[in-house]
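>>> Output the structure for:
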Amino acid sequence: MTEKEKMLAGKLYLADVLQLSTERMAAKDLCHAFNQLPPSRAEEQEEILKTLLGRMGASCSIMPPFWCDYGYNITVGSHFFANHNCVILDCAPVIFGDFVFIAPNCGFYTATHPIDSVRRDWGLEYARPITVGDHVWFGGGVQVLPGVTIGSNVVIGGGSVVTRDIPDGVVAVGNPCRVLRPITKEDEEITIGLEI
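Down below sits the predicted model:
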């Protein structure tokens, strides 16, 4: 089994092998090119993202700077928006549904390391996937840790550190992030009187 195969299978692997180092460098070069383009060159930015990401739905927008490890492990649904300073460490799959909105300074980290210092010092690591449903809003500064699944119709409050799964239809906040309350009909009615 190659180190890449081990990585994708969630096993301990060495990240510093030539194949993975080369793939990470290619992704970093694409991120750098994306980040250096003027905002007025949005079509060129979109072409870079289509090359970088594993799958990208319709009407997606990512504001630079954006960084990832490999890119090919990232799936983005339609009507996706990520504001400035989004970081996705995609050693395992990171899957976003449709209508996901990410505020500035958010991170999604699949990479993790052994607690055992001997294996960690050898350079071994492993990764756990992150899955996000549809209609999810992440407030500013949210950090999502390895292995987390977030349901659909969810709001994650700013500054939260998401260490465990979050069910559908809730507002969750904190460090560690916990469900605060369900999203209700009253939440809908709050915005009905606002002008568009």
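
>>> Tell me the backbone dihedrals of Pro38, please.
Main-chain dihedrals, Pro38, degrees, to the nearest 10: phi -60, psi 150.

>>> same check, this time on Gly157
Dihedral angles (degrees, to the nearest 10) for Gly157: phi -60, psi 150.

>>> which ones are touching it?
Gly157 makes contact with 139, 142, 171-174, 177, 180 under the criterion Cβ atoms under 8 Å, 6 or more residues apart in numbering. (Glycine included, C-beta is placed from N, CA and C.)

>>> cutoff 10 Å now
By Cβ atoms under 10 Å, 6 or more residues apart in numbering, the residues touching Gly157 are 137-142, 171-174, 177, 180.

>>> Do you know the pLDDT at Tyr72?
Looking at Tyr72, its pLDDT is 98.

>>> Same question for Val155.
98.

>>> Next one: it from Glu188, what distance?
With distances taken as Cβ to Cβ, to the nearest Å, Val155 is found 13 Å from Glu188.

>>> returning to that earlier point: now, which of the contacts of Gly157 lie within helices?
Assignment to helices by DSSP state H places none of the contacts of Gly157 there.

>>> Among the residues you listed, name the ones in strands.
Of the contacts of Gly157, the ones assigned to strands by DSSP state E are 137-138, 171-174, 177, 180.

>>> Output the longest helix belonging to the chain as PDB, restricted to C-alpha atoms.
Secondary structure of the chain read by DSSP H shows that its longest helix is helix 18-36. In PDB, the C-alpha atoms belonging to helix 18-36 read as follows (Å, rounded to 0.1, in the frame of the first residue of the first chain):
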ATOM      1  CA  LEU A  18       7.800  12.200  -2.800                       C
ATOM      2  CA  GLN A  19       4.300  11.600  -4.300                       C
ATOM      3  CA  LEU A  20       2.500  13.400  -1.500                       C
ATOM      4  CA  SER A  21       5.000  16.200  -1.300                       C
ATOM      5  CA  THR A  22       4.700  16.800  -5.100                       C
ATOM      6  CA  GLU A  23       0.900  16.800  -4.900                       C
ATOM      7  CA  ARG A  24       0.900  19.300  -2.000                       C
ATOM      8  CA  MET A  25       3.300  21.600  -3.800                       C
ATOM      9  CA  ALA A  26       1.200  21.500  -7.000                       C
ATOM     10  CA  ALA A  27      -1.900  22.500  -4.900                       C
ATOM     11  CA  LYS A  28       0.000  25.200  -3.000                       C
ATOM     12  CA  ASP A  29       1.200  26.600  -6.400                       C
ATOM     13  CA  LEU A  30      -2.400  26.700  -7.600                       C
ATOM     14  CA  CYS A  31      -3.500  28.400  -4.400                       C
ATOM     15  CA  HIS A  32      -0.800  30.900  -4.700                       C
ATOM     16  CA  ALA A  33      -1.700  31.700  -8.300                       C
ATOM     17  CA  PHE A  34      -5.400  32.000  -7.200                       C
ATOM     18  CA  ASN A  35      -4.500  34.300  -4.300                       C
ATOM     19  CA  GLN A  36      -2.300  36.600  -6.400                       C
END
